[in-house]
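Quick one: sequence and predicted model below, then my questions.
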Amino acid sequence: MKAVVNYAPEPGSVELREIAEPTPRAGEVILRVRAVGVCGSDLHQYHGTHSWRVNYPVVLGHEFTGVIEAVGEGVQGWQVGDRVVSETAAVICEQCVYCRSGRYNLCPHRLGFGYGTHGAMTRYVRVPARLLHRVPETVSFEDAAMAEPCAVAAHAVLELSRIKPGDTVVVFGSGPIGLLCYQMARLCSPRWAALVALSTDGARLQMAESVGVAPILFADRDDLEGWVRRHTDGYGADVVIDAVGTSAVLEPCLRVVRPDGQITKVGWGPEPLGFSLDPLVGKQVRLQGSFSHTWATWERVLQLMASQHLRLAPMRRVFPLSQWREAFHAMQERRTVKSMLIPD
């Protein structure tokens with residue numbers, strides 16, 4: 001079967017290769033992949049700019065959904081033909097304090113699909129049954145394949161951010177996580193929520209508007225601090241979400257957040273900060289990191305999808321697996337927010 005394989009750390013070391021079809025081991029199932037999303041981390045591995053260890057060669061793709069094709073020994077509660085979506089923690093130790101307390105997203109031995117073990121940019125993928133969630137009948141495969149980034153956003157905003165009805169919220173980033181964090185923030189009934197983007201974000205800006213984002217502020221053109229102060233009591237936003245993959249974005253986050261407010265950081269950025277963190281201390285700001293998700297987050301997201309609380313279709317563009325390179329470039333060039341691959 002054909003698969004999109006990242007075979008070496010050098011930039012551009014990704015190609016469509018023929019690989020063997022997997023068979024289920026004890027406690028596992030085989031999924032026939034119906035849709036798989038392209039993540040920013042896939043682009044980083046494609047360009048060799050990632051900051052995490054990769055087990056080369058590896059099939060990319062960790063945002064996926066499908067139908068159970070085969071069931072391994074000992075698997076209970078699942079059968080061939082079930083419509084499912086999979087979490088991303090493909091390998092965990094199941095013994096550490098984090099695994100035992102249900103916070104396996106923080107397991108120090110965690111490995112994910114697409115870098116630690118083979119992902120889903122192919123026809124069939126092997127998945128531990130513990131990762132599976134049932135896809136509601138009213139949810140399409142294309143929406144279900146976006147459950148993973150939705151879970152990232154839900155964990156950051158609904159579970160780790162202290163947004164109260166009537167609060168003011170600023171979200172930095174017009175990528176998939178930024179737009180999903182914005183939608184999650186709106187579910188908390190804020191007084192207003194603003195998105196900070198770049199004026200050069202092109203088609204992403206129209207896609208942001210199509211999912212209900214307003215207002216949109218431009219980091220490269222607007223006086224962000226002045227706007228936020230004018231639209232609050234002069235002190236700043238209650239909660240700021242950083243969903244940009246650049247470390248420097250934390251600096252404007254610190255400028256627009258109010259004293260005793262919160263910044264939730266979702267975006268990765270390997271660069272050193274290069275500025276003082278004194279405002280974090282002087283404003284007594286809570287800086288909250290957010291990583292991945294757990295079982296309850298996925299169940300929450302799937303119910304939000306089933307009840308049509310999330311607008312996902314305008315954010316994505318679908319490609320056949322054979323056009324994976326065009327799908328990658330469409331995201332990189334901001335011609336879409338989320339590229340999605342459909343195996344041939």
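Yes, it's here. Residues are numbered from 1 along each chain as shown.

list the contacts for the residue nearest to residue 173 when sequence neighbours are not counted?
Nearest non-adjacent residue to residue 173, counting by C-beta to C-beta, 6 or more residues apart in numbering: residue 243, 3.6 Å away. Glycine gets a C-beta too; all of them are placed from N, C-alpha and C. Residue 243 makes contacts with 153, 156, 171, 172, 173, 175, 177, 178, 181, 266, 267, as judged by C-beta atoms under 8 Å, 6 or more residues apart in numbering.

what's the answer for residue 104, then?
When contacts are counted by C-beta under 8 Å, 6+ apart, residue 104 touches 89, 92, 94, 98, 110, 294.

what two of the residues you listed have the greatest distance between them?
Greatest spacing in these, by C-beta to C-beta: 94 and 294 (13.7 Å).

So between those two, which is more surrounded?
residue 294 (18 against 11; other C-beta atoms under 10 Å).

and the residue nearest to that one when sequence neighbours are not counted, how far is that from residue 343?
Among residues not flanking residue 294 along the chain, residue 105 sits closest, at 5.6 Å (C-beta to C-beta, 6+ apart). Distance of residue 105 to residue 343, given as C-beta to C-beta, to the nearest Å: 27 Å.

Residue 119 now?
On the measure of C-beta to C-beta, residue 119 and residue 343 end up 12 Å apart.

out of the two, which sits in the more crowded spot?
The residue with more neighbours, out of residue 119 and residue 343, is residue 119; 28 against 24, by other C-beta under 10 Å.

and the closest residue to that one other than its chain neighbours, how many neighbours does it have?
Nearest non-adjacent residue to residue 119, counting by C-beta to C-beta, 6+ apart: residue 61, 3.6 Å away. Neighbours of residue 61 under the rule other C-beta under 10 Å: 27.

my read is residue 61 is in a helix, agree?
No. Residue 61: not assigned to a helix; according to DSSP: H, G, I helix; E, B strand; the rest coil it is coil.

what about residue 293, distance to residue 97?
18 Å.

Now do the helices in the stretch 151-300 of the chain.
Using DSSP state H, counting those that start in this stretch, the helices of the stretch 151-300 of the chain run over 176-186, 203-210, 224-230, 250-256, 278-282, 295-306.

Just name the most buried of the ones you listed.
Most buried of these by mean neighbour count (mean count of other C-beta atoms under 10 Å) is helix 176-186; its value is a mean of 27.

by how many degrees do it and helix 295-306 diverge?
Going by axes from the mean of the first three to the mean of the last three C-alpha atoms, to 10 degrees, helix 176-186 is angled at 80 degrees with respect to helix 295-306.

For residue 127, list each beta-bridge partner.
residue 29 (DSSP bridges).

burial measure for it, as a count.
Neighbours around residue 127, by other C-beta under 10 Å: 26.

quick one: it from residue 318, how far?
22 Å.

tell me, how many neighbours does residue 50 end up with?
19.

no, scratch that, I was asking about residue 76
If you count neighbours by other C-beta under 10 Å, residue 76 ends up with 8.

Do you have the helices of the stretch 1-150 of the chain handy? List them.
Under DSSP H, counting those that start in this stretch, the stretch 1-150 of the chain gives helices at 40-47, 97-100, 141-144, 147-154.

Contacts only, for residue 153.
So residue 153 contacts 177, 180, 181, 183, 184, 243, 266 (C-beta under 8 Å, 6+ apart).

Would you check that residue 169 makes contact with residue 195?
No. Using C-beta atoms under 8 Å, residue 169 is not in contact with residue 195; the gap is 9.6 Å.

Can you check which residues contact both of these two?
With C-beta under 8 Å, 6+ apart, residue 169 and residue 195 have no common neighbours.

From residue 303, how far out is residue 86?
Residue 86 is 17 Å from residue 303, by C-beta to C-beta.

For residue 293 and residue 97, indicate the residue with more neighbours.
Each of residue 293 and residue 97 has its neighbours counted (other C-beta under 10 Å); residue 293 has more, 25 against 9.

And for the more buried one, nearest residue in space, chain neighbours not counted?
Nearest residue to residue 293, sequence neighbours excluded (C-beta to C-beta, 6+ apart): residue 151, at 3.9 Å.

And the pLDDT at the closest residue to residue 202 other than its chain neighbours?
If the residues on either side of it in the chain are set aside, residue 202 comes closest to residue 334, at 4.7 Å by C-beta to C-beta, 6+ apart. Residue 334 is assigned 92 on the pLDDT scale.

Next one: residue 334 from residue 43, what distance?
Per C-beta to C-beta, residue 334 is found 12 Å from residue 43.

Good, we can wrap up now.
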